[in-house]
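*Asks:* Test case, fold it:
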Amino acid sequence: MFPVTVIDGHTVVGFDQPRLEQLIAQAEAAARPKFGAGIANVGKAGRKGVPIIFGAYVGRIGTGSIAERVGLAIGDVIIK
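*Replies:* All right, here's what the predicted structure looks like:
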């Protein structure tokens, strides 16, 4: 007797831990929607009377992505 595991239509016969971990990681990644934006931390120093802004700077937007559909643009700073 030996184990047979099927993950997303891929069959693993026996206990092949690296292959099982690979298939599980692929299945988890496919289940999460992609936001489609390249972002980086930002801290903009304020001038007199202007508050300091902290957030995520949008540097890239993927075509057809969730980020594009919600109206984000390159140069936006996400603060909430």
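*Asks:* Please make it C-alpha for all contacts and neighbour counts, starting now.
*Replies:* Will do.
*Asks:* Can you report phi and psi for A37?
*Replies:* phi -140, psi 140 (degrees, to the nearest 10).
*Asks:* Skip the chain neighbours and tell me the closest residue to it.
*Replies:* I61 (4.6 Å; Cα to Cα, 6 or more residues apart in numbering).
*Asks:* Tell me the confidence at the one you found?
*Replies:* For I61, the pLDDT comes out at 93.
*Asks:* do the same with V70
*Replies:* So V70 comes in at 92 (pLDDT).
*Asks:* again, but for V50
*Replies:* 67.
*Asks:* quick thing: my sequence starts at 18, can you match it?
*Replies:* Okay, using 18 as the starting number, the last item reads as V67.
*Asks:* buried sites along the helix or strand bottoming out on mean pLDDT in the chain?
*Replies:* Of all helical and strand segments in the chain, the minimum by mean pLDDT, DSSP states H and E falls on strand 54-61, at a mean of 80. Using 16 or more other Cα atoms under 10 Å as the burial criterion, the residues of strand 54-61 that qualify are A54, I56.
*Asks:* ok, it: who's next to it in the sheet?
*Replies:* strand 70-78 (antiparallel) (DSSP bridges).
*Asks:* What residues of the strand or helix carrying Q43 count as buried?
*Replies:* Following DSSP states H and E, one finds Q43 within helix 34-48. If you call a residue buried by 16+ other Cα under 10 Å, then helix 34-48 has these buried ones: L37, L40.
*Asks:* Can you list the neighbours in contact with it?
*Replies:* With contact meaning Cα atoms under 8 Å, 6 or more residues apart in numbering, helix 34-48 is reached by I24, D25, H27, V29.
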